[in-house]
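Engineer: here is a sequence with its predicted model. Questions after.
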Amino acid sequence: RPVGGQYAEDTKKYAQVMARNTETLVEALERHPDVNVLYNPMSIYNNTNFYIFSYPTSTEYVLGINFDPCRGNSYDCCMNVFGTAEYPALLKPNLQSERVYKYIVIGQPDEVQKNYYLVDELGSSISTTNSRSPDDYKVWNDTCTGIDTPYSYCAGRNFAYQRSPVRPACEDNNSSVDALAGCYSPLTGEYQTYCVQVAYSSNTFIPQCGVNTDGNCGTYLEVHMAHGTPYHEEREIISQVQLTTRNVTGYYTTMLPLTWKGNSSKVLCQYSETFLRVGSLVYIKSSAPVCCCPPPYSSDTGTGSFQCPVGSTSNGAFAYRPYGIYDTLLVDTLVQAYPYCPIDLSANEDRMMCSVYDVENRRDYTRTCANVTHFLPTVTRGWKSVDMLGLYDGVCPYYKSCALTLDSGKCRFTDLRFTFIGQVGIVTAVDNDATIPTVMVSFNNNRTSYEFSQEDVELEQYKAQYELWWVVRSPAMNTVQKRKGFNITNPRCTFDSVNNRYFPYAILDAEGNAIDTSALSYEY
């Protein structure tokens, strides 16, 4: 029993309490500022520089973000209110026919219903019977001469469809944010400049922290730009707001500043780039080279060509290093299947390998495919290798074991057609001084890169100019749990006349109007 507030030293209870208290004391000493870094090395990371990306699955919990949710409604229309965001996916997106990975193109806010179908944030179709938006109006329009003539909104002679001005509460308007419009406090209705209402939802608790955390703890919404710009990196925070509500019912609304890094003389703008730089996303045009490689591997014959290394979703030039434990385990399983690769994802190279049959040993084995040579020197179209069936026009610029074809992109017999046409990659190097300006492009997150003429690539326009990151901060790291794109429609960015390109922001004059051109430095 306790003696003088303590247990007797020869009891098990005394030993238990002493061990627990000693553990608490050691933990407190290890967290002392003078020695903390020795016992907690992760604490040295700066939260604005270190991010991990961990997105919850729908079976765990769901996070929601809506921009300008009360447009056309009362300022407090999205406070503890449920509402599913819906988006107009164009029926005719006009994407390139050769594009490998086609995506959903979202229409403008005034698009009429006959030109789109509804999708949710994940791209899944929504039945029109479940839509929260009212039907379109049918109005007089003397410019219309027939259905879809001369405009897609025409409903017939002198009639047109027009989107209803009545909008549902808690709607998402992430494609058309006006940085100069200002916003109203969802709590008081007070107007503030250079901001936008943002509604957020979570069906689990939103992490909060105690006082005196210096912004290094808690849940924040942060504005970033994917792949950055020539003026700043992607990880740099442009604007932010802290979420201080631990649990919400439906959507809850806050105000997000649209100033550039807290500078009231700069605001977010309608940004786009017109030049190639390291980090640019580019689309490979139909004018890019087409190659022909040895016939592809067949499990029936055990012979044929294949690309190395093996990746979780694709191989060779499209194989990226594992992002997490799932990718790692999947690759570990895939590499155990024949045909085998002599290199793995740690290598900064790609190879075209061939599986061949050894007649003497009566077994299959893999080797690097033979290089292409001018097999018939007297014939222009006389290039091939011993592994190929057809004759072609030269050596492929991507793999020496493949041949370049100038025959309208065609390969002969069963030779494998290989090209990057229709793919999207990231620029890793730019050479504007070469006789034919070139770029190096990676399709596997910078593991390897391939050279293209600048005439064979075009800038891939981002689906979103900016991204809003849902970030949970801790003393060790920032965990990004959601990324949502949004576009600014007003104002236009200020032109940087010194560097002959646009700033990623608009500079405002004393009256709050956007300046068209400036010769001032970036630190203005």
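Structural biologist: Good, I have the coordinates.

Engineer: make it CA atoms for all contacts and neighbour counts henceforth
Structural biologist: Fine.

Engineer: what residues of the lowest-mean-pLDDT helix or strand in the chain count as buried?
Structural biologist: Every helix and strand of the chain was ranked by mean pLDDT, DSSP states H and E. The lowest is helix 36-39, at a mean of 69. For helix 36-39, a neighbour-count test (16 or more other CA atoms under 10 Å) marks N36 as buried.

Engineer: gap between it and the chain center?
Structural biologist: Centroid separation for helix 36-39 versus its chain: 36 Å, with CA atoms, centre = their mean, to the nearest Å.

Engineer: what comes into contact with stretch 131-140?
Structural biologist: 86, 112-113, 118, 155, 158-164, 166-168 (CA atoms under 8 Å, 6 or more residues apart in numbering).

Engineer: can you tell me which two in those residues are farthest apart?
Structural biologist: Spatially, the most separated pair among those is E86 and N158, at 30.2 Å (CA to CA).

Engineer: the two: which has the busier surroundings?
Structural biologist: Per other CA atoms under 10 Å, whichever of E86 and N158 has more neighbours is E86, with 22 against 15.

Engineer: tell me which residues touch that one, please.
Structural biologist: L118, V119, D120, E121, I126, S131, E171, D172.

Engineer: repeat that for 10 Å
Structural biologist: 117-121, 123-126, 130-133, 171-173 (CA atoms under 10 Å, 6 or more residues apart in numbering).

Engineer: tell me the confidence at it?
Structural biologist: Note on E86: pLDDT of 92.

Engineer: E27 too?
Structural biologist: Looking at E27, its pLDDT reads 74.

Engineer: tell me how many other residues crowd it.
Structural biologist: Neighbourhood size, E27 [other CA under 10 Å]: 13.

Engineer: list the contacts for R363?
Structural biologist: G302, V356, Y357.

Engineer: quick check, central residue of the protein?
Structural biologist: Nearest to the geometric centre of the chain sits A226, at 6.7 Å (CA atoms, centre = their mean).

Engineer: buried ones in the lengthiest strand in the chain?
Structural biologist: When the chain is parsed with DSSP state E, its longest strand is strand 137-147. Across strand 137-147, burial judged by 16+ other CA under 10 Å covers W140, C144, T145, G146, I147.

Engineer: could you do stretch 366-374 as well?
Structural biologist: T366, T368, C369, A370, N371, V372, T373, H374.

Engineer: what does stretch 377-390 give?
Structural biologist: Buried residues in stretch 377-390 (16+ other CA under 10 Å): R381, G382, W383, K384, S385, D387, M388, L389, G390.

Engineer: again with stretch 97-114
Structural biologist: Under the neighbour-count rule (16+ other CA under 10 Å), stretch 97-114 has R99, V105, I106, G107, E111, V112, Q113 buried.

Engineer: kindly report the same for stretch 228-237.
Structural biologist: Within stretch 228-237, the residues that count as buried by 16+ other CA under 10 Å are G228, T229, R235, I237.

Engineer: just to revisit the earlier point, could you identify the helix or strand that succeeds the longest strand of the chain?
Structural biologist: For strand 137-147, the following helix or strand on the C-terminal side (DSSP states H and E) is strand 154-162.

Engineer: give me the angle between that following strand and strand 137-147.
Structural biologist: 150 degrees (axes from the mean of the first three to the mean of the last three CA atoms, to 10 degrees).

Engineer: so what does strand 154-162 touch, helix or strand wise?
Structural biologist: If you count contacts as 3 or more CA pairs under 10 Å, 6 or more residues apart in numbering; DSSP states H and E, strand 154-162 packs onto strand 137-147.

Engineer: what is the rounded mean pLDDT of the strand it packs on?
Structural biologist: Per-residue pLDDT over strand 137-147 has a mean of 95.

Engineer: do stretch 383-394 as well
Structural biologist: On average, the pLDDT along stretch 383-394 is 97.

Engineer: would you mind writing the CA trace of it as CSV?
Structural biologist: The C-alpha coordinates for stretch 383-394 follow below in CSV (Å, rounded to 0.1, in the frame of the first residue of the first chain):
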residue,chain,number,x,y,z
TRP,A,383,18.4,-0.5,-92.8
LYS,A,384,17.7,-3.3,-90.5
SER,A,385,19.1,-5.7,-87.9
VAL,A,386,19.3,-9.5,-87.7
ASP,A,387,16.3,-9.4,-85.3
MET,A,388,14.0,-7.5,-87.7
LEU,A,389,12.0,-8.5,-90.7
GLY,A,390,11.6,-5.3,-92.7
LEU,A,391,13.9,-2.8,-94.3
TYR,A,392,13.8,0.9,-93.3
ASP,A,393,15.3,4.3,-93.7
GLY,A,394,17.8,4.7,-90.9
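
Engineer: and Q240, what pLDDT?
Structural biologist: Looking at Q240, the pLDDT reads 96.

Engineer: farthest-apart pair in the buried residues of strand 137-147, please.
Structural biologist: Greatest spacing in the buried residues of strand 137-147, by CA to CA: W140 and I147 (13.4 Å).

Engineer: what residues do those two have in common as contacts?
Structural biologist: Taking CA under 10 Å, 6+ apart as the contact rule, W140 and I147 both touch C154, A155, G156, R157, N158, F159, A160.

Engineer: just checking, E60 touches N203?
Structural biologist: Yes. Assessed by CA atoms under 10 Å, E60 is found in contact with N203 at 9.3 Å.

Engineer: which of those two has more residues huddled nearby?
Structural biologist: Ranked by neighbour count (other CA under 10 Å), E60 and N203 place N203 first, with 15 against 9.

Engineer: ok, the more buried one - contacts?
Structural biologist: By CA under 10 Å, 6+ apart, the neighbours of N203 are E60, Y61, V62, L63, G64, N247, V248, T249, G250, Y251.

Engineer: which one among those gets closest to T193?
Structural biologist: Comparing those against T193 with CA to CA places Y251 closest, at 22.9 Å.

Engineer: any idea how many residues pack against the residue lying closest to that closest one once chain neighbours are set aside?
Structural biologist: The shortest distance from Y251 to any non-neighbouring residue, by CA to CA, 6 or more residues apart in numbering, is to S201 (4.6 Å). By the measure other CA under 10 Å, the count of residues near S201 is 22.

Engineer: wait, what's in contact with the residue lying closest to C402 once chain neighbours are set aside?
Structural biologist: Distance criterion CA to CA, 6+ apart; nearest residue to C402, sequence neighbours excluded, is C293 at 4.4 Å. Taking CA under 10 Å, 6+ apart as the criterion, C293 is in contact with 304-306, 352, 369, 372, 384-385, 387-390, 396, 399-404, 411, 414-418.

Engineer: phi, psi for C293 please.
Structural biologist: phi -120, psi 170 (degrees, to the nearest 10).

Engineer: swap in Y117?
Structural biologist: Per degrees, to the nearest 10, the backbone of Y117 is at phi -120, psi 160.

Engineer: pretty sure V112 sits against Y153.
Structural biologist: Yes. Counting by CA under 10 Å, Y153 is a contact partner of V112 at 6.4 Å.

Engineer: so what sits against both of the two?
Structural biologist: With CA under 10 Å, 6+ apart as the test, V112 and Y153 both reach A160, Y161, Q162, R163.

Engineer: per-residue confidence at the second one?
Structural biologist: Meaning Y161. So Y161 comes in at 96 (pLDDT).

Engineer: ok, it to W260 distance?
Structural biologist: Applying CA to CA, to the nearest Å, the value for Y161 to W260 is 39 Å.

Engineer: please apply the same query to the last one.
Structural biologist: With distances taken as CA to CA, R163 is found 33 Å from W260.

Engineer: can you give me the neighbour number for Q242?
Structural biologist: By other CA under 10 Å, the residues close to Q242 number 19.

Engineer: for it, which non-adjacent residue is spatially closest?
Structural biologist: Using CA to CA, 6+ apart and skipping the chain neighbours, the partner closest in space to Q242 is Y220 (4.3 Å).

Engineer: let me know whether that neighbour touches M255 as I believe.
Structural biologist: No. Judged on CA under 10 Å, Y220 makes no contact with M255 at a distance of 12.0 Å.

Engineer: before I go, just wanted to say thanks for your time.
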